[in-house]
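# My questions are about this predicted structure, shown below with the sequence.
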Amino acid sequence: MSERAQFATKIGVIAASVGSAVGLGNIWRFPYEAGAHGGGAFISIYILCVLFLGIPVMIAEFIIGRSTHKNANSAINTLVPGSKFRYVSYVGICASVMILSFYSVVAGWIVEYLFQSIIGNMTGHTTQEYSNMFNSLVGSPYRSLFWTYLFLIANFLILRKGIQKGIERISNILMPVLFVLLLVFCINSLTLPNAKEGLKFLFSPDFSQVSPSMVIGAMGQAFFSLSLGLTCLLTYASYFSDKTPLVKSATIIAVLDTCVAILAGIIIFPAVFSFGAEPTAGPKLVFEVLPNIFQQMPGGYLWAVAFFVLLFFASITSTISMSEIVITFCTEEHNMSRKKATRLNTAIALVLGTLCALSFNLLSDIKLFDKNIFDLFDYVSSNILLPAGGFILAIFVGWIMDKKIVKEQLSNHGKLNVHTMKPIIFCIRYVAPIAIALIFLYVTGLF
Ligand code: PHE
């Protein structure tokens, strides 16, 4: 295999992974999942999932990727020749294609909201009018498809021109700006009339509400938000240098990602209770609530434009990372040209993305388990495929691959003194796989 590039700086590694992790998962999906599942109790379980499942699985992905500098399939085959565990790459590819499809629809909504905020439509309306605005967007097949396609074309052009590194560099600068912006919005939300109620909803857990759907939702959200289980961070880690501290990097990524999600919660819920929205509104929650927030801020016009520009960048660094799994697989395992692989990835996403965009209008009657196509893609990929992928990867690192390599990777060949080595290996071997299996059993009613 030819020499593969390595990230030039330590910050490059972490920033690209943070770029993958931070996206619509934090700002759009986290608030709606938390809202749909009662707030505080969901968040408590979510944080436990990040700590005991997310961080260990992320470290497992890093170990496989960095020890071989290869994509998931070849990496596993190198570590244990002939191992069937390499088929996890197919779970990753399925999840990645499904996520890209519905993610592009939501990212398309973001682009339309950016457009609306530029033409000044994000201020000066009533709460009801904002709600109608969203409903008319998703209700219109043409508009939804237009924005979804536009987003997928942008994703395609960036990948095809090979400028994703450039985009990642720009977003390295923009991500901290997004963080600051979120802090400002947070302070603003805390001054809203019903802020207290919102905070109470978020931070005072009522554990009597714990249900199978909440637990699997929290686990799925943790995997989705941290980009785990589909070998995305494994692929990124294959470019890490030998000096990258794996445990520290995983912890930083998980903490930053969780902070962004919690900030989004602190922004949205005080507003939900102040403007009379429904916490259980589902995927439309933030789209209905955010305009109300911008509207009552001094200089709301500029805040709205800045926010949607930044969110667009946060989304595209995430879709680049999921597309890379498919592209790397096609180019490295099937000798396809990068051009062709990029086209294939986009073509599949265009077809499936069309189904997702139409599932709010023309195809809204097509339902399985009471879920439309969009919700089904979201549910199956996040709540089933990603944790299943994480389970396989944790078992592989914990039980199948050479322990010596695991320890060498965690300690950078003995150069780092990692005090948490034992608990981390324990979590990878026992806690993560057992917890994922138990949650699956709990949800299917077998346990
Ligand atoms: N973690 C990303 C987000 O929060 C979504 C994502 C999932 C990206 C899986 C890559 C792989 O928006």
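All right, it came through fine.
# For the stretch 251-400 of the chain, which residues are neighbours of the ligand?
For the stretch 251-400 of the chain, the residues in contact with the ligand under the definition CB under 6 Å from any ligand atom are 318, 321-322. Every C-beta, even on glycine, is put in place using the N, C-alpha and C of the backbone.
# Could you report the neighbour count for Lys243?
By the measure other CB atoms under 10 Å, the count of residues near Lys243 is 11.
# SS state for it?
Three-state call for Lys243 (DSSP: H, G, I helix; E, B strand; the rest coil): coil.
# so it touches Leu416, yeah?
No: with the criterion set as CB atoms under 8 Å, Lys243 and Leu416 do not qualify as a contacting pair; they are 9.3 Å apart.
# any shared contact partners between those two?
A shared contact of Lys243 and Leu416, defined by CB atoms under 8 Å, 6 or more residues apart in numbering, is any residue touching both; here there are none.
# The residues of the stretch 251-400 of the chain next to the ligand in helices, which ones?
With helices identified by DSSP state H, the entries of these that belong to them are 318, 321-322.
# got JSON lines for those residues, with neighbour count too?
Putting these into JSON lines (neighbours: other CB atoms under 10 Å) gives the following:
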{"residue": "Ser318", "neighbour count": "27"}
{"residue": "Ser321", "neighbour count": "24"}
{"residue": "Met322", "neighbour count": "26"}
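# Residue of the stretch 1-150 of the chain closest to the ligand, please.
Nearest residue of the stretch 1-150 of the chain to the ligand: Gly25, at 2.1 Å (CB to the nearest ligand atom).
# burial count for the closest residue to that residue other than its chain neighbours?
Closest residue to Gly25 apart from its sequence neighbours, by CB to CB, 6 or more residues apart in numbering: Ser225 at 4.1 Å. By the criterion of other CB under 10 Å, Ser225 has 28 neighbours.
# Run through this protein and note the low-pLDDT ranges.
The model of the chain has pLDDT under 70 over residues 1-11, 163.
# Distance of the residue nearest to the spatial centre of it relative to Phe201?
Taking CA atoms, centre = their mean as the criterion, Ser225 is the residue nearest the geometric centre of the chain, at 3.4 Å. Separation of Ser225 from Phe201 (CB to CB, to the nearest Å) stands at 20 Å.
# Equivalent analysis for Val97, please.
Val97 sits 35 Å away from Phe201 when distances are taken as CB to CB.
# Please apply the same query to Ile14.
32 Å.
# number of nearby residues for Phe307?
Around Phe307 there are 24 other residues, counting by other CB under 10 Å.
# That one against Leu181, yeah?
Yes: contact between Phe307 and Leu181 holds when scored by CB under 8 Å: they sit 6.1 Å apart.
# Quick one: name the residues of the stretch 51-200 of the chain near the ligand.
Going by CB under 6 Å from any ligand atom, the residues of the stretch 51-200 of the chain near the ligand are Ile99.
# so Tyr239 sits in a helix?
No: the secondary structure assignment for Tyr239 gives coil rather than a helix, going by three-state DSSP.
# Next up, the contacts around Leu228.
By CB under 8 Å, 6+ apart, Leu228 lies in contact with 54, 57-58, 61, 222, 386, 389-390.
# Which residue, neighbours along the chain excluded, lies closest to whichever residue of the stretch 151-300 of the chain sits closest to the ligand?
When CB to the nearest ligand atom is the measure, the stretch 151-300 of the chain has its nearest residue to the ligand at Ser227, with 3.6 Å between them. Nearest residue to Ser227 in three dimensions, chain neighbours excluded: Ser20, at 4.6 Å (CB to CB, 6+ apart).
# what does Asn188 give?
Counting by CB to CB, 6+ apart, Met297 is the residue found nearest to Asn188 once chain neighbours are left out, at 5.6 Å.
# burial of the one you found, as a residue count?
Met297: 17 neighbours (other CB under 10 Å).
# doesn't it fall inside a strand?
No: membership of Met297 in a strand is not supported by three-state DSSP, which gives coil.
# number of nearby residues for Arg143?
For Arg143, the tally of surrounding residues (other CB under 10 Å) stands at 17.
# how close does it get to Met133?
Applying CB to CB, one obtains 11 Å for the distance of Arg143 from Met133.
# same check, this time on Val418
Relative to Met133, Val418 is positioned 51 Å away (CB to CB).
# Between the two, tell me which one has more neighbours.
Looking at Val418 and Met133 with other CB under 10 Å, you find the greater number of neighbours at Met133, namely 18 against 15.
# Determine the set of other helices and strands touching the host helix or strand of the more buried one.
Element membership for Met133, per DSSP states H and E: helix 127-139. Helix 127-139 sits against helix 88-118, helix 141-160, helix 285-295, with contacts defined as 3 or more CB pairs under 8 Å, 6 or more residues apart in numbering; DSSP states H and E.
# For Ser318, which residues are in contact?
Contacts were defined as CB under 8 Å, 6+ apart; by that measure Ser318 touches 19-25, 103, 227.
# repeat that with 10 Å
Ser318 makes contact with 19-26, 99-100, 103, 107, 155, 171, 225, 227, 232, according to CB atoms under 10 Å, 6 or more residues apart in numbering.
# go on, Gly299?
Applying CB under 10 Å, 6+ apart, one finds that Gly299 lies in contact with 123, 306.
# what about the closest residue in space to Pro193 that isn't next to it in sequence, how many residues close to it?
Of all residues not flanking Pro193 in the chain, Ser274 sits nearest, at 5.1 Å (CB to CB, 6+ apart). Counted with other CB under 10 Å, the burial measure for Ser274 works out to 21 neighbours.
# was I right about Ser274 contacting Phe201?
No: with contact defined as CB atoms under 10 Å, Ser274 and Phe201 do not form a contacting pair (12.0 Å).
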